[in-house]
Structures are given as structure tokens and as C-alpha cells.
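Trainee: No sequence on hand, only this structure:
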């Protein structure tokens, strides 16, 4: 997947995983009650800082904070851009 956005320094562009549509018991969740996803896939990575190389790479599945990042729309798709330090884990 190619995106025309190049993050700077230690920033990462993430495509959020879709919100859950149903509960484990099969109950459909309405749009107004859906939780904001906290998992996504890295689609672009900045070069890092001179003293801090980047840990994540394109294609990594990551977990991040509920309110992390800034929402960004590119070519009609929703993304989040955030600092690498806002990412909690690679899964």
C-alpha cells in the first residue's frame, strides 16, 4: 500500500483497524456506541531522530493510546499520524 504522505522525524502514519461491528455474543453495535480502535497497521514511517532510530516499520500491527495521534484523511481514507512514543506495542 502506497500513501503520498511522508512523516517527518519520529512520526508514524497508521491505518486504524475497523471498529468492532458486533459483540462476542453477536449483538450489533450502533455507530454511536462503537469504541475508537486502539490497534492499527503502520503505513509510513519517518526517518527518526539522529539519536533515536525508529523501531516500527511499514506493515507492523501496533497498539496505541485511545486518544493518541491526529486524524488525517488522504485520498478519502482515514489515517492517524502520531509520534512513535505514542505507540505502546507491536503485536
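Mentor: Received, thanks. Not measured: the values here are computed from a predicted model. Numbers count the residues shown, from 1 in each chain.

Trainee: ok, now how distant is residue 11 from residue 42?
Mentor: Residue 11 sits 11 Å away from residue 42, taking C-beta to C-beta, to the nearest Å as the criterion. For glycine as for every other residue, the C-beta is placed from the backbone atoms N, C-alpha and C.

Trainee: what's the weakest-modelled helix or strand in this protein?
Mentor: Among the helices and strands of the chain, strand 70-74 carries the lowest confidence by mean pLDDT, DSSP states H and E, at a mean of 91.

Trainee: in that strand, what's buried?
Mentor: Residues of strand 70-74 include none that count as buried (16 or more other C-beta atoms under 10 Å).

Trainee: what distance separates that strand from the middle of the whole chain?
Mentor: In terms of C-alpha atoms, centre = their mean, to the nearest Å, the centre of strand 70-74 is found 10 Å from the chain centre.

Trainee: next one: stretch 50-64
Mentor: Taking the mean of its C-alpha atoms, stretch 50-64 sits 11 Å from the chain's own mean (C-alpha atoms, centre = their mean).

Trainee: Start and end of it, how far apart?
Mentor: End-to-end distance of stretch 50-64 (C-alpha to C-alpha, to the nearest Å): 24 Å.
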